[in-house]
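Colleague: Next input, structure requested:
(one chain, ligands or ions: 1)
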Amino acid sequence: MITSRSSNSSSSSSSYNNMDLDLKTIHDYQENEKNVAMQLTWLGHAAILLQINSFTILFDPFLSNRASPFGFIGPYRCRERGFKSFSELPQIDFVVISHNHYDHLDKTTIKEIYAERKNSKHTKIICPLGLKKWFVRLDISKEQITECDWWDDIEVSKIEDDIKVDDSNALQEALSLANKKITISAVPCQHFSGRNIFDMGKSLWNGWVVKSQDASYYFAGDTGYRSIPDNCSEEDIEKYPFCPVFQQIGIIHGPFDLASIPIGPVMPVGMMSPIHASANDSVNIHIDCKSNHSVAIHWGTVENLGIDNIEYGPSELHTELKKKNISKEQFHEIIFLKCLVCHPYINQGHWLKNTFRNS
Ligand SMILES: [Zn+2]
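Modeller: Predicted coordinates for the structure are as follows:
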């Protein structure tokens, strides 16, 4: 069962400013962990705080003002992030990055995370191939950074502090007994990379899968699904080939209890469709990856990324879901800065049913 702890679900843009992050629910997770399989909080655009099996993971934290090499021009966040300092958040175990575009990899936010004492020597970076040196240049130690190729898996366990890690027998025993364990897997998507004209395509772009014994989550990152030309009629869309990786991800890692799937920007269509998802594409990704419950990200936060209205997303999504006879409880807009709490169905070890409730 999935519920949202919130009383504020308005989607008008003015209501997003001056909202506070639900820090109480984020911190309560540590206490309620036994009854919560995972907890997801949308910090706007693609930034997601995921709490799963005692781990705190931050995806694509663009939490400063401007997604640009320049402070005065370029795409910018039009919604506040709802907290003042990383001292208010739990210690971050992993920062997981999908690719190096400015609206996903933000130097200001990364520096801010590492300036926080509890994170500086603790927080690990997991990033696509080719990005390690970018983090090393920020004085983050190499040991704290792991690069992944598509389909790589990383298994992480929490063990007691007093285990001697240089004693391989003791370490193996501790790892075999550990139940605070997750697997983080890099998966492909259809996108590109580059922060300037000299580094185009020189680092990889990924989606990510995170699994514990109780829950599975898919972060689709920034992706297209199908390239179509400008002025393509609705009837013609399906004549164009689609990216096959989402079905592969569904077969290899699915089904998922929860997925975050991007929507938009979509205009101009010929330019955006190879790299970003329309509402129609997002619903296809939801189906192909075998997600039981999806939430829309990458909309409603950053101005000037495309030429569409940044509110493109929710209502177009509902229209597409209707066409495919999928209930809107299975895929919907998530509430900004509020926690989506996923409860395990303990008796059968999986979900009773996927419901969403604004209470
Ligand atoms: Zn991008």
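Colleague: Now do the contacts for the spatially most central residue of the chain.
Modeller: Residue closest to the average C-alpha location in the chain (Cα atoms, centre = their mean): F219, at 4.3 Å. Contacts for F219 were tallied using Cβ atoms under 8 Å, 6 or more residues apart in numbering; they are 48, 50, 59, 96, 98, 207-210, 259-260. C-beta coordinates here come from the backbone N, C-alpha and C atoms, glycine included.
Colleague: Reformat those residues as JSON lines; add secondary structure, distance to the ion and pLDDT.
Modeller: Converted to JSON lines, the contacts of F219 look like this (DSSP: H, G, I helix; E, B strand; the rest coil; distance: Cβ to the ion, whole Å; pLDDT from 0 to 100):
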{"residue": "I48", "secondary structure": "strand", "distance to the ion": "15", "pLDDT": "96"}
{"residue": "L50", "secondary structure": "strand", "distance to the ion": "20", "pLDDT": "97"}
{"residue": "F59", "secondary structure": "strand", "distance to the ion": "13", "pLDDT": "98"}
{"residue": "V96", "secondary structure": "strand", "distance to the ion": "15", "pLDDT": "98"}
{"residue": "S98", "secondary structure": "coil", "distance to the ion": "8", "pLDDT": "98"}
{"residue": "G207", "secondary structure": "strand", "distance to the ion": "12", "pLDDT": "98"}
{"residue": "W208", "secondary structure": "strand", "distance to the ion": "14", "pLDDT": "98"}
{"residue": "V209", "secondary structure": "strand", "distance to the ion": "19", "pLDDT": "98"}
{"residue": "V210", "secondary structure": "strand", "distance to the ion": "20", "pLDDT": "98"}
{"residue": "A259", "secondary structure": "strand", "distance to the ion": "18", "pLDDT": "95"}
{"residue": "S260", "secondary structure": "strand", "distance to the ion": "15", "pLDDT": "96"}
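Colleague: quick one: which two of those are the most distant?
Modeller: Using Cβ to Cβ, those span at most 14.8 Å, a distance reached by V96 and A259.
Colleague: what does this protein have sitting close to the ion?
Modeller: Within the chain, the positions lying close to the ion (Cβ under 5 Å from the ion) are 101, 222.
Colleague: And stretch 151-169, what's buried?
Modeller: 152, 156, 159 (16 or more other Cβ atoms under 10 Å).
Colleague: Phi and psi next, for the nearest residue to E160 once chain neighbours are set aside.
Modeller: In this structure, E160 finds its nearest non-sequential neighbour in A174, 6.7 Å apart by Cβ to Cβ, 6 or more residues apart in numbering. Here is the backbone geometry of A174 (degrees, to the nearest 10): phi -60, psi -40.
Colleague: Can you tell me the number of residues neighbouring A174?
Modeller: A174 has 18 neighbours, counted by other Cβ atoms under 10 Å.
Colleague: So it sits against K164, correct?
Modeller: No - between A174 and K164 there is no contact under Cβ atoms under 8 Å: 9.4 Å.
Colleague: mind listing what T146 touches?
Modeller: Contacts of T146 (Cβ under 8 Å, 6+ apart): 124-127, 154.
Colleague: if you set the cut-off to 6 Å instead, what comes out?
Modeller: By Cβ atoms under 6 Å, 6 or more residues apart in numbering, T146 lies in contact with I126.
Colleague: ok, so what distance separates it from A174?
Modeller: 21 Å (Cβ to Cβ, to the nearest Å).
Colleague: Check T223 too.
Modeller: Applying Cβ to Cβ, the value for T223 to A174 is 38 Å.
Colleague: now do F336
Modeller: Using Cβ to Cβ, we find F336 at a distance of 40 Å from A174.
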